[in-house]
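> quick one, fold the following:
(2 chains)
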Amino acid sequence: MAVVQAFAETGRARAALNLVGLLALGGLLAGFLDQPTPALQSFLYAWILFLVLTLGLLGLTLLGHVLKAQWTRPLMRIFEAGGGVPSLALMVVLFVPILLHLPRLYIWADPEVVKQDHILHLKQMYLNVPFFLGRFAFFFGVWMLLSGLLRRSSLRQDHTGDPKERDYRTNLSSVGLAAFCILVTFAVTDWIMSLEPHWFSSVYGIWFLTQMAVTGLAFATAVVLIQANKRPYAEEVTPKLLKDLGTLLFAFSMFWAYITLSQYLIIYSANLPEFVPYYLHRSKEGWQAVMWIVAALQFFVPFLVLLSPAAKRNARVVLGMVLVILTARVVDTFWIVMPALRHEGFELRWTDPIALVAVGALWFSVFLGQLRKGALVPSYLPMKEADSHASH
Amino acid sequence: MSHAIEVAQGPKVYGYIAEFEEAEQLVAAARKTAEAGYKDFDAFSPFPIHGLPEAMRFKDARVPWIIFFCGVIGAIVGYGLQYYVTVFDYPMNVGGRPNHSWVQYIPITFECTVLFAALGAVVGMFGLNGLPRPYHPVFEAKNFARASEDRFFLVIEATDGKFDAEGTRRFLESLGPAEVNLVEAEEV
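Numbers count the residues shown, from 1 in each chain, chains lettered A, B, ... in the order given. Down below sits the predicted model:
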């Protein structure tokens, strides 16, 4: 068997990541003891960013088993590792501090606020803490079950070579993908949209599903391309794979722009007092500039660069675009989450980057641990030999 | 434009055509033809074949550029029309919004971009291929009607610098075709 060069040093890297993560959590705790609410806001932002990444990778695992396309082969183990049960469990554990201080972030969880707010009072039937917790457990339960079953089957096929495993995963994922999309819609409504409980948007679910897809795909592509010279990725990164990934990133960026603009356009056209505040908060005092940075990094730059077929086949160009898109995700999530919590215009606090480092380091540690539990590239093809031949 | 060149005796030659039974054979033959240094050759098949343009070293990127510029023109026309109408020609106060409400312009700008780009693709492809073209010398070649059914053809044209009546025919025969035939040029 060929020597695996990628991720050869994960043991030491994980120890370093754990240390950095715990130190950053310590820093965040110091910030919390000084000023609890801003530190919790930073932490919630970081949690949501990595939640979108985790669920994006899980969604792509499901999508990959349904599509059985060739481009999923080098990425599948990255999808599985980052969207796996341990990553989901990490997100559950990291949500505990937020749960303990729910009313500081979610005004509907504060009985004093609800008492004086008729609309929140009416919404209490759905937006109340026990039901919120029950839904939280249900969402993560279903995701973990799907993710765990698929991962086990995928690794099992590496050992047994039994092609029936593939059909099992396709069947499970066909139902699982539909369930995943519905649950994500409810979950982001609970954890993100309800930060502004008077406001609602019906494209919110698909908006976040798009963000998840683009985040997961950009992340997995970055992991492969950063190590494109190392085995086993060196054999996998071909102009054809690059073209497929470039096309997908291009399409997802366009779809992101489409959904993002739709929500804005609908609210702009209706101009109703209950919907407009969402964008008023997000366009005042510095936030407007952030909005344009996101539009440039997530849409205009990738769109114009990836328009060219030659650029899509160039590993360095695709890697550059993937890093631009990931930067856009970090900024965009900040723009989505923070104006709901900080109403005084754009504000960056020292706990914001610390929270990103804390959650990010722990997440990467779990991710690397999972990645080395199986072969980096499955030993089998995503599709049966005969089918893959016919598709050309 | 005539592709004819004078051959000492016999009819004017357009080129030689090789007939293949399988799509893979055509791709392999096209690759070898390009490797042998031929430039003026063409492949015919009943359906699009994955990898054939690459095998032929087909590098003409003029259609994508036509599409790109048509798209840009479409975006400018779409946006410009709305800007002219709502700001200069017939300004209206719609719920207190500014006359130049660019957000509202985006869907039509997008549609015009797609429309112009798509028309550019169709017109550009037809124009650069010299279509519509009711007659082509290969139509006279033996069995050529089957190019729209179940056969695959490769033509090396006489205008190619490397073309040599005997040598080219023998080269085509070496590619394992079912048949190689002469294609006569149309009479001018």
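> enumerate the residues of chain B near chain A.
With CB under 8 Å from any CB of the partner chain as the criterion, chain B comes near chain A at residues B:H50, B:G51, B:P64, B:F68, B:G95, B:R97, B:S101, B:V103, B:Q104, B:I106, B:P107. Glycine gets a C-beta too; all of them are placed from N, C-alpha and C.
> that's a strand at the fifth one, yeah?
Spelled out, it's B:G95. No - assigned with DSSP: H, G, I helix; E, B strand; the rest coil, B:G95 falls outside any strand and is coil.
> pLDDT score assigned to the nearest residue to it once chain neighbours are set aside?
Leaving aside its sequence neighbours, B:G95 sits nearest to A:N271 (CB to CB, 6 or more residues apart in numbering or on different chains; 5.6 Å). Model confidence at A:N271, given as pLDDT, is 88.
> next, count neighbours for A:N271.
12 (other CB atoms under 10 Å in any protein chain shown).
> so it is in contact with B:S101, correct?
No - look at A:N271 against B:S101 with CB atoms under 8 Å: they stay out of range, at 10.7 Å.
> shared neighbours of the two, anything?
Common neighbours of A:N271 and B:S101, counting by CB atoms under 8 Å, 6 or more residues apart in numbering or on different chains, are absent.
> can you give me the distance of the residue nearest to B:G95 to A:G286?
24 Å (CB to CB, to the nearest Å).
> now swap in A:G59 and tell me
32 Å.
> quick one: low-confidence ranges for chain B?
For chain B, applying pLDDT under 70 flags the ranges B:1-11, B:187-188.
> that one - how does it break down into domains?
B:12-46+B:151-188, B:62-128 (automatic domain parsing).
> just put those domains in TSV and tack on distance to A:V52 and mean neighbour count.
Below are those laid out as TSV (distance: least, CB to CB, whole Å; neighbours: other CB atoms under 10 Å in any protein chain shown):
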stretch	distance to A:V52	mean neighbour count
domain B:12-46+B:151-188	43	18
domain B:62-128	25	15
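> quick one: closest of those to A:A340.
domain B:62-128 (21.7 Å; CB to CB).
> I'd guess B:F153 is in a strand, am I close?
Yes - counting by three-state DSSP, B:F153 is part of a strand.
> give the buried residues for stretch A:353-362.
A:I354, A:A355, A:L356, A:V357, A:A358, A:V359, A:G360, A:A361, A:L362 (16 or more other CB atoms under 10 Å in any protein chain shown).
> now, which of those sits nearest chain B?
Nearest to chain B out of the buried residues of stretch A:353-362 is A:L356 (CB to the nearest CB; 31.3 Å).
> excluding chain neighbours, give the residue nearest to the closest one in space.
By the measure of CB to CB, 6+ apart, the closest residue to A:L356 outside its immediate chain neighbours is A:A46, 4.8 Å from it.
> for that neighbour, list the residues it contacts.
Here A:A46 is in contact with A:D352, A:A355, A:L356, A:A358, A:V359, A:G360 (criterion: CB under 8 Å, 6+ apart).
> any idea how far chain B is from the first one?
Here the criterion is CB to the nearest CB, to the nearest Å. By it, A:D352 lies 29 Å from chain B.
> that residue: neighbour count?
Neighbours around A:D352, by other CB under 10 Å: 19.
> name the element it belongs to?
helix A:351-371 (DSSP states H and E).
> where does the stretch 201-350 of chain A come near chain B, residue by residue?
So the stretch 201-350 of chain A meets chain B at A:L261, A:Y264, A:L265, A:Y268, A:S269, A:N271, A:L307, A:P309 (CB under 8 Å from any CB).
> quick check, the last one in contact with A:L242.
No - in this structure, A:P309 sits apart from A:L242 without contact. The criterion is CB under 8 Å, and the distance is 10.6 Å.
> so for these two, which sits in the more crowded spot?
More neighbours surround A:L242 than the other of A:P309 and A:L242, with 23 against 12 (other CB under 10 Å).
> surely that one is within a strand?
No - counting by three-state DSSP, A:L242 falls outside a strand, being helix.
> where's it relative to chain B, distance?
A:L242 is 15 Å from chain B, by CB to the nearest CB.
> go on, A:K312?
12 Å.
> what's the closest non-adjacent residue to that residue?
A:G246 is the one closest to A:K312 (CB to CB, 6+ apart), at 3.1 Å.
> repeat that for A:V301.
Excluding the flanking residues, the one nearest A:V301 by CB to CB, 6+ apart is A:V324, at 5.6 Å.
> pLDDT at that neighbour, what is it?
pLDDT, A:V324: 96.
> what is the longest helix along chain B packed up against?
Criterion DSSP state H: the longest helix present in chain B is helix B:102-128. Counting contacts by 3 or more CB pairs under 8 Å, 6 or more residues apart in numbering or on different chains; DSSP states H and E, helix B:102-128 packs against helix A:239-270, helix B:62-83.
> which elements pack onto the shortest one?
By that I understand helix B:62-83. Using 3+ CB pairs under 8 Å, 6+ apart: helix B:62-83 touches helix B:102-128.
> same thing with the longest one?
Secondary structure elements in contact with helix A:239-270, counted by 3+ CB pairs under 8 Å, 6+ apart, are helix A:204-226, helix A:277-281, helix A:301-306, helix A:309-312, helix A:315-341, helix B:102-128.
> follow-up on the earlier one: can you tell me which of the residues of chain B next to chain A is nearest A:F32?
B:V103 (39.7 Å).
> how close does the closest one get to A:Y268?
5 Å.
> what does A:A328 give?
Taking CB to CB, one finds A:A328 at 22 Å from A:Y268.
> quick one: which of the two has more around it?
A:A328 (25 against 16).
> which residues touch the more buried one?
A:I293, A:V294, A:L297, A:Q298.
> what subset of those is buried?
When the contacts of A:A328 are checked for burial by 16+ other CB under 10 Å, the buried set is A:V294, A:L297, A:Q298.
> got a pLDDT number for the nearest residue to A:R282 once chain neighbours are set aside?
The spatially closest residue to A:R282, leaving aside those adjacent along the chain, is A:P339, at 4.6 Å (CB to CB, 6+ apart). For A:P339, the pLDDT comes out at 91.
> now do the one 5 residues further on
The pLDDT attached to A:E344 in the predicted structure is 80.
> quick one: secondary structure of it?
Classification of A:E344 using three-state DSSP returns coil.
> kindly report the same for B:A145.
Reduced to three states by three-state DSSP, B:A145 is helix.
> from chain A, how far off is it?
Taking CB to the nearest CB, one finds B:A145 at 26 Å from chain A.
> in the chain, what residue sits furthest out from the centroid?
Defaulting to chain A. Distance from the centre of chain A peaks at A:Q116, with 35.7 Å (CA atoms, centre = their mean).
> hm, I was asking about chain B
Max radial position in chain B (CA atoms, centre = their mean) goes to B:G96, at 51.1 Å.
> quick one: residues contacting that residue.
Counting by CB under 8 Å, 6+ apart, B:G96 has no contacts.
> ramachandran angles for it?
phi 80, psi 10 (degrees, to the nearest 10).
> re the thing from before, so how far is A:V330 from the residue nearest to A:V301?
Plainly put, A:V324 is 11 Å away from A:V330 if you go by CB to CB.
> quick check on B:F41: phi, psi?
phi -140, psi 160.
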